[in-house]
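S.K.: quick one, structure for this:
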Amino acid sequence: MNTTDNSPGAQLKALINAPEITIAPGVYDGFTARLIEKMGFKTASISGAGTSESRLGWADRGLMGLEENLSNARRIADFSGLLLQADADTGYGNAMNVYFVVRAFEKAGMAAVMIEDQVWPKRCGHMAGKSVVPAEEMVAKIKAAVDARHNQSFVIKARTDAAGPLGLEEAIRRLNLYAEAGADCLFADALTSKEDIQRVAASVPKPLSVNMGLGIRSRKTTPLISPLELQGFGVAQVSYPRLLSAAAMKGMTNALDVFVSEVIGKNNNVDRPDLAASFDEINDLMGMDVLDELEARFAT
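M.R.: Reported below is the predicted structural model:
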């Protein structure tokens, strides 16, 4: 009998434990997930910020609840072949809540779920004013998360936001506690220098994930570092959570600027294929070939 575990979690573990760094762009909807898969990426992080901004129209300040987040993740998993990594914020409560949150995201088809140690309501890791819960409270959440999963390959990511409010040494101490509690992957958010990233990577026993800020230019937080350089530091995974949401906002703004300035109120039509995808390009990306094939097979 073949007992090989080919679950999403097992595949993701193989990626983040490989010598080459894993790159996980941020996705938040059908367009972004399909684009990332089309470009050949194997895994993606479902951006909590992108989900809150695109679905609720509000910044990442803890307004989004479990059901909104879970529903979005499930819908992406329904059509995507990506190994999806969910962002479950602080777990929406205490360790008991985390237990059921982990079960829900695993059942939804995720490869991983991330829990962070901020107080609730949380805020984006690159915003000022963050606070964290006591390390012992987060350890209990990680233990509950580990116990909750049905498949032991399902990846539990433990994130600390302690570097900003409490300092780098406390962030390292917490990550080691979370690793001891059973986390499979560790995430240190908003580190402010190459030296800090190197120090954390060398000081923790589990694969380290960091994020890079393409699309974050409002504050001086994590410096932009190439994936190959991060790999040399010992980083296992790098995510780009705001790359696509920032690019989408800029693209839509540019198209609307042209529309307002050159079309509205004028007897003028403007064709700017440099600013917009074509009808066929959109349909090709969104699976029209699959729908056509199904219609040909089953429609009367």
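S.K.: distance of the residue sitting furthest away from the middle of the chain relative to residue 126?
M.R.: Most distant from the centre of the chain: residue 267, at 44.5 Å, with distances by Cα atoms, centre = their mean. According to Cβ to Cβ, to the nearest Å, residue 267 and residue 126 sit 46 Å apart. Every C-beta, even on glycine, is put in place using the N, C-alpha and C of the backbone.
S.K.: tell me where the stretch 1-150 of the chain has strands.
M.R.: For the stretch 1-150 of the chain, the strands defined by DSSP state E, counting those that start in this stretch cover 22-27, 43-46, 83-87, 112-116.
S.K.: any idea how this protein splits into domains?
M.R.: Domain segmentation of the chain under automatic domain parsing yields 8-243, 249-298.
S.K.: which of these sits most buried?
M.R.: The highest average neighbour count among the domains of the chain, using mean count of other Cβ atoms under 10 Å, belongs to domain 8-243 at a mean of 20.
S.K.: next, the distance between the ends of it.
M.R.: 24 Å (Cα to Cα, to the nearest Å).
S.K.: pLDDT of it, averaged?
M.R.: In this model, domain 8-243 has a mean pLDDT of 94.
S.K.: and it, how far from the chain's centre?
M.R.: Domain 8-243 has its C-alpha centroid displaced from the chain centroid by 6 Å (Cα atoms, centre = their mean, to the nearest Å).
S.K.: tell me the SS of residue 228?
M.R.: Using DSSP: H, G, I helix; E, B strand; the rest coil, the structure places residue 228 in helix.
S.K.: all helices for this protein, in order.
M.R.: Under the criterion DSSP state H, helices of the chain are mapped to 8-16, 30-38, 48-51, 66-79, 95-107, 135-148, 163-166, 168-180, 194-203, 227-233, 243-262, 279-285, 288-298.
S.K.: which one of the ones you listed lies closest to residue 116?
M.R.: Proximity to residue 116 (Cβ to Cβ) singles out helix 135-148 among these, at 8.2 Å.
S.K.: would you mind pulling the contact partners of the closest one?
M.R.: 91, 94-96, 98-103, 106, 113, 115, 117, 132, 156, 158, 160, 173-174, 177-178, 180-183 (Cβ atoms under 8 Å, 6 or more residues apart in numbering).
S.K.: could you do stretch 240-248 as well?
M.R.: Counting by Cβ under 8 Å, 6+ apart, 23-28, 31-32, 35-36, 45, 47, 49-50, 53-54, 211-216 sit against stretch 240-248.
S.K.: could you dump the strands of the stretch 1-150 of the chain to TSV with distance to residue 4?
M.R.: TSV is the format used below for these (distance: least, Cβ to Cβ, whole Å):
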stretch	distance to residue 4
strand 22-27	21
strand 43-46	19
strand 83-87	16
strand 112-116	19
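S.K.: what sits against residue 176?
M.R.: 203-205.
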